[in-house]
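A.B. asks: Coordinates for the following, if possible.
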Amino acid sequence: MHQLTMMEDRMGMTITSGNIVIQKDTSNLIGISIGGGAPLCPCLYIVQIFDNTPVALDGTLQAGDELVAVNGASVKGKTKVEVAKMIQSCDSQVSINYNKLHADPKQGRTLDIALKKVKHRLVEGMGSTTADALGLSRAILCNDALVQRLMMLKRTENFYRGLVTHAKATLHAFYDLTQIYKVFGDAFAAIGVREPQPRASEAFRQFGEQHRQMEKFGVIMLKTLKPILSDLGTYLNKAIPDTRLTISKYADAKFEYLSYCLKVKELDDEEQSCAALQEPLYRVETGNYEYRLILRCRQEARARFAKLRSDVLVKLELLDNKHVQDVVWQLHKFAAGLAKYYANTRDLLSTVTLFPVEVDLSHSAFQYKSTGPQTLTDLSDDVEEYEPEEKQNINEELLIDTSNFPENSTDNT
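C.D. replies: Alright, predicted model coming up:
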């Protein structure tokens with residue numbers, strides 16, 4: 001009965017044997033991490049293959065494959081540390097016998113993985129503090145530069161949306177202005193037709209024609225600038241949504257990869273807790289095929305995630321370059337169209353600087369009543385009223401009392 005419990009439970013998966021020779025890198029490594037082994041697991045298997053390493057570049061070995069022998073020496077009953085030392089002790093190359101695990105990724109997409117994907121989608125829009133408070137465990141990508149790029153894309157989309165809205169409002173306002181010019185032109189032309197004076201009639205006619213020309217200049221300007229809205233709308237309504245579609249696919253692959261990472265972490269914690277309590281774990285004692293299946297699914301999910309991530313980065317880079325080049329050209333074209341319109345209007349209005357309107361006026365039209373003379377008259381009256389009194393005072397001061405003089409006085413000189 002004990003022998004039956006120790007038999008491998010492959011969960012319907014098959015294996016095939018093979019041999020591969022790997023050339024080591026300058027660090028004397030082949031680029032794999034090993035799991036399982038004595039004393040708990042009868043199998044030694046590959047947990048992870050690191051990027052840009054000899055094993056990754058070869059592409060034969062995958063996560064979950066079992067290691068059988070190193071340079072012809074069996075690894076049965078050895079620990080993972082001992083097997084790592086066996087690989088490191090080789091000179092420049094190492095020969096590995098392996099059992100290839102043929103796993104169906106659909107078998108690993110369980111309900112648990114689906115719920116983990118949903119949880120990661122929910123946590124994506126939360127802060128870390130909120131997620132911790134809710135007790136939501138999750139896997140995250142450290143130093144993910146793509147998050148900043150996605151934020152820049154959102155800001156760029158808002159910028160283009162505001163730019164298109166403002167440009168539309170400006171062109172609508174110019175269209176309303178041109179219609180006002182047309183109404184003014186028709187009104188001045190009608191006045192010129194009814195004006196009996198020839199010079200005034202001609203002046204009104206010319207002024208009305210100028211407004212009609214301004215209306216035509218405005219229509220030409222609107223026809224020139226209208227394609228700019230289409231170009232900006234193409235960037236806003238086609239280029240950005242296409243990038244967002246790629247981002248949504250990338251996000252789905254990202255959440256799937258993070259779900260498998262979280263599942264692997266949970267299985268590792270389960271193994272450690274059982275080992276600490278010295279309790280047997282069925283899946284470990286029977287070859288740990290469930291864990292190896294998740295490892296394979298994680299590797300394939302990581303490959304899809306890396307490919308979509310690369311596509312998103314390329315599209316964001318192209319979109320950013322188009323944004324930098326296109327928005328400058330479109331704004332320059334918009335400003336040039338407005339400048340040409342204003343220049344034509346200025347040249348049109350500068351041809352006639354006099355507006356000869358004849359008006360019948362009476363001879364007394366420019367004679368105004370003034371209070372100035374009245375003020376001067378009143379002032380002279382005041383002077384005249386003051387002068388007698390002043391003269392009287394002066395005469396009174398000059399009077400000499402002669403009563404004390406003798407009647408017959410002579411000059412004795």
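
A.B. asks: can you pull the contacts of residue 54?
C.D. replies: Residue 54 sits next to 22-25, 30-31 when contact means CB atoms under 8 Å, 6 or more residues apart in numbering. Backbone N, C-alpha and C define where each C-beta goes, glycine included.

A.B. asks: pLDDT score for it?
C.D. replies: For residue 54, the pLDDT comes out at 91.

A.B. asks: Over to the one 4 residues further on?
C.D. replies: Residue 58 carries a pLDDT score of 90 in this model.

A.B. asks: got it, and residue 1?
C.D. replies: pLDDT, read off for residue 1, is 34.

A.B. asks: How about the one 10 residues further on?
C.D. replies: On pLDDT, residue 11 comes in at 81.

A.B. asks: For it, give its distance to residue 343.
C.D. replies: 80 Å (CB to CB, to the nearest Å).

A.B. asks: quick one, which of the two is more surrounded?
C.D. replies: Between residue 11 and residue 343, residue 11 has the larger neighbour count (other CB atoms under 10 Å), namely 14 against 11.

A.B. asks: Give me the three-state assignment for the more buried one.
C.D. replies: Taking DSSP: H, G, I helix; E, B strand; the rest coil as the rule, one finds residue 11 in the coil state.

A.B. asks: In which helix or strand does the most centrally placed residue in the chain reside?
C.D. replies: Nearest to the mean C-alpha position of the chain, by CA atoms, centre = their mean, lies residue 155 at 1.9 Å. Taking DSSP states H and E as the criterion, residue 155 maps to helix 145-194.

A.B. asks: thinking again about what came up before, pull out the buried members of the contacts of residue 54.
C.D. replies: The neighbour count (16 or more other CB atoms under 10 Å) marks 22, 24, 30-31 as buried among the contacts of residue 54.

A.B. asks: now, which of these sits nearest residue 249?
C.D. replies: residue 31 (28.6 Å; CB to CB).

A.B. asks: so what pLDDT did residue 353 get?
C.D. replies: Looking at residue 353, its pLDDT is 64.

A.B. asks: In JSON lines, list the buried ones among the contacts of residue 54 along with distance to residue 279.
C.D. replies: As requested, these are exported to JSON lines (distance: CB to CB, whole Å):
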{"residue": "22", "distance to residue 279": "37"}
{"residue": "24", "distance to residue 279": "39"}
{"residue": "30", "distance to residue 279": "34"}
{"residue": "31", "distance to residue 279": "34"}
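
A.B. asks: so can I have JSON lines of the residues you listed showing secondary structure?
C.D. replies: Conversion of the buried ones among the contacts of residue 54 to JSON lines gives the following (three-state DSSP):
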{"residue": "22", "secondary structure": "strand"}
{"residue": "24", "secondary structure": "coil"}
{"residue": "30", "secondary structure": "coil"}
{"residue": "31", "secondary structure": "coil"}
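
A.B. asks: can you pull the contacts of residue 225?
C.D. replies: Neighbouring residues of residue 225 by CB under 8 Å, 6+ apart: 167, 171, 333-334, 337-338.

A.B. asks: how does it look with 10 Å?
C.D. replies: 167, 170-171, 174, 330, 333-338, 341 (CB atoms under 10 Å, 6 or more residues apart in numbering).

A.B. asks: Is it possible to get TSV of these that adds pLDDT?
C.D. replies: Shown next, in TSV, are the contacts of residue 225 (pLDDT from 0 to 100):
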residue	pLDDT
167	90
170	91
171	92
174	92
330	88
333	90
334	90
335	92
336	92
337	91
338	91
341	92
